[in-house]
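Participant: What would the 3D arrangement of this be:
(2 chains)
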Amino acid sequence: MTSAAKFGDFERAIGPHMRAAYNLARWLLRESADAEDVLQEAFVRAFRYFDTFQGERARSWLLAIVRNTCWSFIARRGEQEEPFDDERDSAAVLPLQLTPEPEAQLLRADQAKRIQEEVAALRPEFREAFMLRELEGMSYKEIAEVTAVPIGTVMSRLSRARRELQARLGGAARKAGVS
Amino acid sequence: MTCAEATPLVELELDGELDARSVLELREHVARCPSCTRQAAALRALSEAARAHLQRFEPPPGFEGRLLRRLRPRPSRRAWAGAAVGVAAAAAVLVALPRRDALVEEAVAAHARSLQLNHAMDVVTSDQHTVKPWFEGKVGFAVPVRDYATEGFALAGGRLDFLDGRPAAAIVYRHGKHVLNLFVLDAEGARDVAPGGESVRGFRSWRWTSGGLRFVLVGDVAGPEMEALARRMAAGRVYNSPGMVP
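Facilitator: Numbers count the residues shown, from 1 in each chain, chains lettered A, B, ... in the order given. As a prediction, this is how the structure comes out:
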C-alpha cells in the first residue's frame, strides 16, 4: 500500500473518532496542553500500527492507543498512585457480594450537578470505565478492549465507581457504604 | 429470584448487557421488591445525571487538521525526478531547498517531544548491530547506525518518528545527561550538502545530506562539541541503498 493510500484509509477510519480521542485524553490527563502533546504521540503510533488494524471497531482500537499513551505519560510524569489491584481492592464491593441497600436514594438536582467533580476525583481506573460507559456509551466488551482488562473487571470497576459516586453525592444522608 | 441475585443484574440491565430472559425475571422481582426498586432507580438517576452533566471536552479549533497534517505524506518527489532523468538532481535540489528550514523546525519539535514525553526510544540498546536491523522495513531505507561512545556520545537506541510527512529514523545518543536525536530521512537523488548549524528555540541543530540521505542532528550540547560531532558523523560515508551500508 502506498503511503498516500494508507493515509487515506487512516483518515477515513480514524477521523470520525478524533473528538472521542480528545475527550478521553482530557478526562485522563486533565490538562489540555498535556492532552494535545499526548494525542500527537498517540496518533503517530496509531498511524504506525495502522497496518495491524483489522478494520473493525475503529473507535475501540484508537481509544486503546490513546489510553495507553495517556497512561504511559502519567506514569512518566511520576504521579501514579499505588497500583490498583482489582482482586484485592474490589473484594469488598464485588456486585455479587453486595446486599441490597435500603437507603439507596435518588439524587437531588444540586447533587447531580456536582457529578463532574466527583467523577474527576475517582481513581483513574474507575474514572475511565465510567466515562467510557456513560459519555461514549461503550459496551462492556468495548471498554474491556480499550482498557485491556477482562469484562468481569470492567463490571466490577463500573460497579465500584457507581457506589463511590453514590456515596459521595449522597453526602451525609447516606451511611458510608464505601471504604 | 432473590435480592442477592437481583442486585448485580440491576446494573447489567441499566447498561443494556442483560439478556432478554433475565431482564424479564429481574423486572418481575423488582416489581415486588421496594428495596431493589429503590436501588434500580438510584442507579438510573446516577446514570442520567452523568449523561446530563458530565463534560464532553471539545478539541480546540483546527486541532484535528493539525494532527492529521503531521501524518499526511507529501506527493512523491521521487516520481518527479524519475520522470525527467536529465534534471533529476536539479529537481531534487530545487524541491529540497525551500523545505530545509521547515524540516529543521520539525526535527527540533520532534526532538523536544521525545524529551517531553520521555519517549526517546522504541529500541533501547548501545549495540549498533541491534539498532540498525530494528529499522528494517520501518523506514524504507537502510539506516546507518554508528556508536560515538569514544567521542563521548554513546548510542542509546532508536525510534521511529515522522518528519516531512514520512517515516524517519531517529537515532538516539546520550552525552552525560543530554539526549541527542539524529534524524535520518530518505533523500534519494539529492546532492551532498556539507553540515550547516543553527540554533532553534534553545536547541542546536546541524543538518547535512550525504549519500542520498538527509541528516538532522538536534541536541542542547555546547556549540563546539555539537559541531565536532556533526562533522564527525557527516565524514562517515554512507550509501542510500539496501545492502550497501557499511
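Participant: Help me confirm that residue B:156 is found in a strand?
Facilitator: Yes - judged by DSSP: H, G, I helix; E, B strand; the rest coil, residue B:156 forms part of a strand.
Participant: any idea what sits nearest residue A:32, other than its immediate chain neighbours?
Facilitator: residue A:26 (6.5 Å; CB to CB, 6 or more residues apart in numbering or on different chains). In this view, the C-beta of every residue, glycine as well, is placed from N, C-alpha and C.
Participant: What is the neighbour count of that neighbour?
Facilitator: 22 (other CB atoms under 10 Å in any protein chain shown).
Participant: Break chain B down into its domains, please.
Facilitator: Using automatic domain parsing, the domain parsing of chain B gives B:3-53, B:88-235.
Participant: Spit out the contact partners of the residue of chain B most remote from its centre.
Facilitator: Going by CA atoms, centre = their mean, the residue of chain B most distant from its centre is residue B:32, 57.8 Å out. Not one residue lies near residue B:32 by CB atoms under 8 Å, 6 or more residues apart in numbering or on different chains.
Participant: Tell me how far it lies from residue B:25.
Facilitator: Remark: distance between residue B:32 and residue B:25 (CB to CB, to the nearest Å) = 12 Å.
Participant: do the same with residue B:37
Facilitator: Taking CB to CB, one finds residue B:37 at 15 Å from residue B:25.
Participant: Show the pLDDT at residue A:136.
Facilitator: With respect to pLDDT, residue A:136 has a value of 93.
Participant: how about it, phi and psi?
Facilitator: Main-chain torsions, residue A:136, degrees, to the nearest 10: phi -90, psi -10.
Participant: Based on its surroundings, how many neighbours for it?
Facilitator: Counted with other CB under 10 Å, residues neighbouring residue A:136 total 19.
Participant: how about the nearest residue to it, chain neighbours excluded?
Facilitator: residue A:20 (6.0 Å).
Participant: So the one you found is in contact with residue A:60, correct?
Facilitator: No - Residue A:20 is beyond contact range of residue A:60, at 10.2 Å (criterion: CB atoms under 8 Å).
Participant: out of the two, which sits in the busier spot?
Facilitator: residue A:60 (22 against 18).
Participant: which one is that one nearest to, not counting chain neighbours?
Facilitator: Residue A:60's closest residue in space is residue A:145 (CB to CB, 6+ apart), at 4.3 Å.
Participant: Which elements pack onto the helix or strand harbouring the one you found?
Facilitator: Secondary structure assigned from DSSP states H and E places residue A:145 in helix A:140-147. Applying 3 or more CB pairs under 8 Å, 6 or more residues apart in numbering or on different chains; DSSP states H and E, one finds that helix A:140-147 contacts helix A:58-77, helix A:124-134, helix A:151-170.
Participant: export those to a markdown table and tack on distance to residue A:14?
Facilitator: Converted to a markdown table, the helices and strands packed on helix A:140-147 look like this (distance: least, CB to CB, whole Å):
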| stretch | distance to residue A:14 |
| --- | --- |
| helix A:58-77 | 6 |
| helix A:124-134 | 18 |
| helix A:151-170 | 24 |
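Participant: can you list the weak-confidence ranges in chain B?
Facilitator: Filtered on pLDDT under 70, chain B yields the residue ranges B:74-101, B:117-120, B:237-246.
Participant: Centre-most residue in it?
Facilitator: For chain B, the residue nearest the mean C-alpha position is residue B:161 (4.5 Å; CA atoms, centre = their mean).
Participant: Could you give the bridge partners of that residue?
Facilitator: Beta-bridge pairing for residue B:161 (DSSP bridges): residue B:168.
Participant: Give me the most central residue, chain A.
Facilitator: Against the mean C-alpha coordinate of chain A, by CA atoms, centre = their mean, the closest residue is residue A:128 at 1.7 Å.
Participant: need the contact list for that residue.
Facilitator: Residue A:128 sits next to A:24, A:27, A:28, A:67, A:146, A:147 when contact means CB under 8 Å, 6+ apart.
Participant: Apply 6 Å and report the result again.
Facilitator: By CB atoms under 6 Å, 6 or more residues apart in numbering or on different chains, no residues touch residue A:128.
Participant: Check the one 4 residues further on too.
Facilitator: Listed by CB under 6 Å, 6+ apart, the contact partners of residue A:132 are A:138, A:143.
Participant: give me that answer again for 7 Å
Facilitator: With contacts defined as CB atoms under 7 Å, 6 or more residues apart in numbering or on different chains, the neighbours of residue A:132 are A:138, A:143, A:146.
Participant: just to revisit the earlier point, which parts of the helix holding residue A:145 count as buried, going by neighbours?
Facilitator: A:140, A:142, A:143, A:144, A:145, A:146, A:147 (16 or more other CB atoms under 10 Å in any protein chain shown).
Participant: got the CA positions of it in PDB?
Facilitator: What follows is the C-alpha trace of helix A:140-147 in PDB, where atoms were taken according to Å, rounded to 0.1, in the frame of the first residue of the first chain:
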ATOM      1  CA  TYR A 140     -18.600  -3.700  28.500                       C
ATOM      2  CA  LYS A 141     -16.800  -5.500  25.700                       C
ATOM      3  CA  GLU A 142     -15.600  -2.300  24.100                       C
ATOM      4  CA  ILE A 143     -14.500  -0.900  27.500                       C
ATOM      5  CA  ALA A 144     -12.600  -4.100  28.000                       C
ATOM      6  CA  GLU A 145     -10.800  -3.700  24.700                       C
ATOM      7  CA  VAL A 146      -9.900  -0.100  25.400                       C
ATOM      8  CA  THR A 147      -8.700  -0.700  28.900                       C
END
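Participant: returning to that earlier point: columns distance to residue B:147 on top of the contacts of residue A:132, output as TSV?
Facilitator: Output for the contacts of residue A:132, formatted as TSV (distance: CB to CB, whole Å):
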residue	distance to residue B:147
A:138	47
A:143	45
A:146	40
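Participant: would you list every one of the helices in chain B?
Facilitator: B:3-14, B:20-31, B:34-53, B:63-71, B:77-83, B:88-116, B:128-134, B:223-235 (DSSP state H).
Participant: Adding distance to residue A:46 and mean neighbour count, write the ones you listed out as JSON lines.
Facilitator: Compiled in JSON lines, the helices of chain B are given as follows (distance: least, CB to CB, whole Å; neighbours: other CB atoms under 10 Å in any protein chain shown):
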{"stretch": "helix B:3-14", "distance to residue A:46": "32", "mean neighbour count": "19"}
{"stretch": "helix B:20-31", "distance to residue A:46": "37", "mean neighbour count": "14"}
{"stretch": "helix B:34-53", "distance to residue A:46": "28", "mean neighbour count": "18"}
{"stretch": "helix B:63-71", "distance to residue A:46": "9", "mean neighbour count": "17"}
{"stretch": "helix B:77-83", "distance to residue A:46": "26", "mean neighbour count": "14"}
{"stretch": "helix B:88-116", "distance to residue A:46": "16", "mean neighbour count": "17"}
{"stretch": "helix B:128-134", "distance to residue A:46": "20", "mean neighbour count": "16"}
{"stretch": "helix B:223-235", "distance to residue A:46": "32", "mean neighbour count": "17"}
